[in-house]
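Participant: Everything below, folded, please.
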Amino acid sequence: MDSIREMDSSNSENASLNVSNNGTASLASSSSPSSSSTSSRYENQKRRDWNTFGQYLKNHRPPLSLSRCSGAHVLEFLRYLDQFGKTKVHTPICPFYGHPNPPAPCPCPLRQAWGSLDALIGRLRAAFEENGGKPEANPFGARAVRLYLREVRDLQSKARGISYEKKKRKRPPAQQIPTLPPPPGAN
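Facilitator: Modelled structure (predicted):
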């Protein structure tokens, strides 16, 4: 796994996590119009996410190299991102627990939405492999990460009264060969 290319913070399309000495953090991103017009929106977002995770590893105490990163570090990163979330997740003691559209404000915490975390992990998983990581050593595909995402999905589903049912694939109808009536006079 030492062949993994380390994250390049000099990239012109870059999102960085700025952590100050007092512990406050902010996400800052900048992009150049020339690079964003040549790549898809997905590719640009994947690059920003990869650079953000790299910045997180650099700011980690003690600093972590990507080759030493595990599923536990990915979970730590996801929990860290929760503080920037915009999705209200009601606690079980909240009177609006299970209500998708509460009628009044409440003090429940804002968190990252499950769908956002799921998409982020998908992009980081792909970026890891594109940057030389082996699929079997991918920390973003670790069992602990998958279980955490499932737990977040279930918790948010119950808290917000919204079910995240897996979309069922529609199978194309089986082609039936029409049977022709026997030709006239054939008995």
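
Participant: Quick one: residues contacting residue 117.
Facilitator: 78, 81, 149, 152 (C-beta atoms under 8 Å, 6 or more residues apart in numbering). Where you see a C-beta, it was placed from the backbone N, CA and C, and this is true even at glycine.

Participant: got the phi/psi numbers for residue 161?
Facilitator: Dihedral pair for residue 161: phi 70, psi 30, per degrees, to the nearest 10.

Participant: Neighbours of it, how many?
Facilitator: Look at residue 161: counted by other C-beta atoms under 10 Å, it has 14 neighbours.

Participant: now stretch 63-74: how far from the chain's centre is it?
Facilitator: Mean-position distance between stretch 63-74 and its chain equals 17 Å (C-alpha atoms, centre = their mean, to the nearest Å).

Participant: could you give me the average pLDDT of it?
Facilitator: Mean per-residue pLDDT for stretch 63-74: 89.

Participant: what comes up buried for that stretch?
Facilitator: Residues of stretch 63-74 classed as buried by neighbour count (16 or more other C-beta atoms under 10 Å): 64, 66, 69, 71, 73-74.

Participant: In this structure, which residue is most central in space?
Facilitator: residue 120 (2.2 Å; C-alpha atoms, centre = their mean).

Participant: what's near enough to touch that one?
Facilitator: 49, 78, 81.

Participant: Identify the residue spatially nearest to the second one, adjacent ones excluded.
Facilitator: Computed as C-beta to C-beta, 6 or more residues apart in numbering, the closest residue to residue 78 that is not its neighbour in sequence is residue 117, at 5.9 Å.

Participant: Mind pulling up the pLDDT for the one you found?
Facilitator: Residue 117 is assigned a predicted lDDT (pLDDT) of 95.

Participant: element containing it?
Facilitator: Per DSSP states H and E, residue 117 falls inside helix 114-130.

Participant: Now that helix: buried residues?
Facilitator: 114, 117, 120-121, 123-129.

Participant: Of those residues, which is the nearest to residue 183?
Facilitator: Comparing the buried residues of helix 114-130 against residue 183 with C-beta to C-beta places residue 126 closest, at 58.6 Å.

Participant: Next, the contact list for the closest residue to residue 141 other than its chain neighbours, please.
Facilitator: Among residues not flanking residue 141 along the chain, residue 125 sits closest, at 5.4 Å (C-beta to C-beta, 6+ apart). By C-beta under 8 Å, 6+ apart, residue 125 lies in contact with 138, 140-141.

Participant: what's the answer for residue 88, then?
Facilitator: Residues near residue 88 by C-beta under 8 Å, 6+ apart: 102, 106, 108-110, 160.

Participant: So which of the residues you listed wins on neighbours?
Facilitator: Per-residue neighbour counts (other C-beta under 10 Å) across the contacts of residue 88 peak at residue 160, which has 22 neighbours.
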